[in-house]
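> below is the sequence, then the predicted model.
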Amino acid sequence: MGNITGFIEYERIDEQYKAVKERLDNYSEFTIPLKNEDAEHQGSRCMDCGIPFCHSGCPLGNLIPDFNEMVHKGEWKEALEILHSTNNFPEFTGRLCPAPCEKSCVLGIIEEPVSIENIEKNIVEKGFQEGWIVAHPPKHRTDKTIAIVGSGPAGLAAAQQLNRAGHTVTVFERDDAIGGLLRYGIPNFKLEKGIIDRRINILVEEGILFKTNMNVGVNYSVEKLKDFDAVVLCGGATEKRSLSTKGIDAKGVVQAMDFLTQQTKTLYGIEFEGEVISAKDKDVIVIGGGDTGSDCVGTSNRQGAKSVTNFEIMPKPPLHRSESTPWPFWPLQLTTTSSHKEGCDRNWLLNTKEFVTNDKGEVIALKTIQVEWKIVPGERSQLIEIEGTEKTWPCDLTLLALGFTGPENTISNQLGLELDGRTNYKASNYQTNIPYIFTAGDMRRGQSLIVWAINEGREAAREVDLFLMGESNLRTKGTGDLPGV
């Protein structure tokens, strides 16, 4: 490393945020980028450790010490090439990934870890600003055609990799724009849609074909997939989890993804089905404490909610890494997002017992009870309700941010694809029981992280290339050739 004492000389610095009052007035991204000099100092904090555990923490196997070293030296273009060699879309992961690499950073044992995610974001943004990120169409085309179903991170990564191998790739998206959940499921204040569009423009220049409003199995026959030499199903895990609680069908109890999607479409003047879902002047309760719940909090505050309350059925995590999850494991630790800091009453160990309605069938309150978890070694944890802790909460809008149970089965039923024990599409080396059909991303592994989706798309692309050609030059985790092959 160019500066082996950088971690001693420089403290960790993260991006700053615009003031809460300023950012709640709009849906734009609100981070304040680091100056180049500050980012270079952050890169120098990478400590040349004997075994860089960040590699194992990153599902993509990003060559983190390598691009940190280039940033430290001010060699940004070289850093970009290294980053792109394993990660097709660092502008997405640099904004949305929870950074498991940082939780595995060796420096994190003794002080704040290297700010890997922010360095990654700075690298790719500088690449776009300088015009270094351009299309790389394949020099030669094969006679093979491939259909990618779904244009989320897994589908886009598989498409770019297979296109680079020279195959003709067509991506089918059932919505009116490319991006999957990145497009309408992630609020603009976390990912402005121009970030997606500039990357899609490059993919189009590279020769990938995109077809929107094509819902395979609904308005596009699965029989037409037989016209392709291979198919990669990347439709995601989109079956929303609900509750069996009394009053769940009340008006004003809605799925979080419906709420978030509608807001983004409204922002861009795109028509949507169903009634308007608005948090304005309402007491909003968000059930679910994950990232989607956090997105609902931020969106509700921007819409002008009267109050925003968050319920989580699990215990409150500790402020610092739990002894049960020592380094380098993913820590059990409280996460407080920028949305939480904008205004939210967070509550743990609460179970919703009833959605109270008026004579119009509208939700007006929630009844809850406090719970505890009884843990018996070797047995499944039991949820125990605590008598005498019932409470009624006023509520005009409930948002269910409970995650997803798995993929939709429209395509699997029509094609006769096998499912695994968790209702995901069953595959061996990403290949389903129908040899020319592959699957990747959340559709194969279940609801997971964006960085895992990109990894899945890259891995599946290599398997498809091997299936079609008998050999493949496509690389996967931590072994990418430049430029990003």
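Great, that's in hand. Numbering: from 1, shown residues only.
> any low-confidence regions in the stretch 1-150 of the chain?
Residues of the stretch 1-150 of the chain meeting the criterion pLDDT under 70: 1.
> what segments of it are helices?
For the stretch 1-150 of the chain, the helices defined by DSSP state H, counting those that start in this stretch occupy 6-9, 20-23, 36-43, 54-57, 64-72, 76-84, 90-96, 100-103, 116-130.
> right, so of these, which gets closest to residue 274?
helix 90-96 (26.5 Å; Cβ to Cβ). The way it works is simple: take the backbone N, C-alpha and C, and place the C-beta from them, glycine included.
> can I get the helices of the stretch 1-150 of the chain in a markdown table with distance to residue 392 and mean neighbour count?
Putting the helices of the stretch 1-150 of the chain into a markdown table (distance: least, Cβ to Cβ, whole Å; neighbours: other Cβ atoms under 10 Å) gives the following:
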| stretch | distance to residue 392 | mean neighbour count |
| --- | --- | --- |
| helix 6-9 | 52 | 16 |
| helix 20-23 | 30 | 13 |
| helix 36-43 | 48 | 20 |
| helix 54-57 | 44 | 20 |
| helix 64-72 | 50 | 24 |
| helix 76-84 | 51 | 22 |
| helix 90-96 | 36 | 24 |
| helix 100-103 | 39 | 23 |
| helix 116-130 | 41 | 21 |
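> reformat those helices as a markdown table; add distance to residue 386.
Formatted as a markdown table, these follow (distance: least, Cβ to Cβ, whole Å):
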| stretch | distance to residue 386 |
| --- | --- |
| helix 6-9 | 46 |
| helix 20-23 | 35 |
| helix 36-43 | 46 |
| helix 54-57 | 37 |
| helix 64-72 | 45 |
| helix 76-84 | 49 |
| helix 90-96 | 37 |
| helix 100-103 | 33 |
| helix 116-130 | 39 |
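> quick one, which of these is nearest to residue 406?
Comparing those under Cβ to Cβ, the one sitting nearest is helix 90-96, at 21.4 Å.
> one step back: now for the helices of the stretch 1-150 of the chain, which one comes closest to residue 238?
helix 90-96 (17.6 Å).
> the helices of the stretch 1-150 of the chain: which one's closest to residue 335?
So among these, helix 100-103 is nearest, using Cβ to Cβ, at 11.3 Å.
> ok, which stretches of the stretch 201-350 of the chain are helices?
Under DSSP H, counting those that start in this stretch, the stretch 201-350 of the chain gives helices at 256-267, 291-303, 338-341.
> how far is the second one from where the chain is centred?
Right, the one you point to is helix 291-303. How far helix 291-303 lies from its chain's middle: 16 Å, per Cα atoms, centre = their mean, to the nearest Å.
> out of the helices of the stretch 1-150 of the chain, which comes closest to residue 148?
Closest among the helices of the stretch 1-150 of the chain, using Cβ to Cβ: helix 90-96, at 16.9 Å.
> remind me, longest helix of this protein?
When the chain is parsed with DSSP state H, its longest helix is helix 450-469.
> residue 353 against residue 390, yeah?
Yes. Contact criterion Cβ atoms under 8 Å: residue 353 and residue 390 qualify, at 7.4 Å.
> these two - which one has more neighbours?
residue 353 (17 against 13; other Cβ atoms under 10 Å).
> please name the nearest non-neighbouring residue to the more buried one.
Spatial nearest neighbour of residue 353, chain neighbours left out: residue 367 (4.8 Å); criterion: Cβ to Cβ, 6 or more residues apart in numbering.
> which residues does that neighbour bridge with?
Each beta-bridge partner of residue 367 is listed here, defined by DSSP bridges: residue 354, residue 392.
> from residue 357, how far out is it?
Counting by Cβ to Cβ, to the nearest Å, the gap from residue 367 to residue 357 is 11 Å.
> check residue 268 too.
Distance, residue 268 to residue 357, using Cβ to Cβ: 33 Å.
> more crowded one of the two?
Neighbours were counted for residue 268 and for residue 357 using other Cβ under 10 Å; residue 357 has more, 18 against 11.
> could you give the number of residues near the nearest residue to the more buried one once chain neighbours are set aside?
Distances taken as Cβ to Cβ, 6+ apart put residue 250 closest to residue 357, at 4.6 Å, once the chain neighbours are dropped. The local packing of residue 250 (other Cβ under 10 Å) involves 20 other residues.
> could you do residue 111 as well?
Using other Cβ under 10 Å, the number of residues around residue 111 comes to 11.
> other residues contacting stretch 212-226?
147, 149, 172-178, 231, 410-411, 414-415, 437 (Cβ atoms under 8 Å, 6 or more residues apart in numbering).
> show me which of those are buried.
147, 149, 172-175, 177-178, 231, 411, 415, 437 (16 or more other Cβ atoms under 10 Å).
> so which of these belong to strands?
Assigned to strands by DSSP state E, the following of these qualify: 147, 149, 172, 231, 437.
> isn't the second one right up against residue 228?
This means residue 149. No. With contact defined as Cβ under 8 Å, residue 149 does not count as touching residue 228 (10.3 Å).
> please enumerate the strands of the stretch 101-250 of the chain.
Counting by DSSP state E, counting those that start in this stretch, one finds strands in the stretch 101-250 of the chain at the ranges 145-149, 168-172, 209-211, 230-233, 239-240.
> buried deepest among those, which one?
For these, the largest average neighbour count (mean count of other Cβ atoms under 10 Å) is found in strand 230-233, namely a mean of 27.
> helices or strands up against that one?
Judged by 3 or more Cβ pairs under 8 Å, 6 or more residues apart in numbering; DSSP states H and E, the packing partners of strand 230-233 are strand 145-149, helix 153-164, strand 437-439, helix 450-469.
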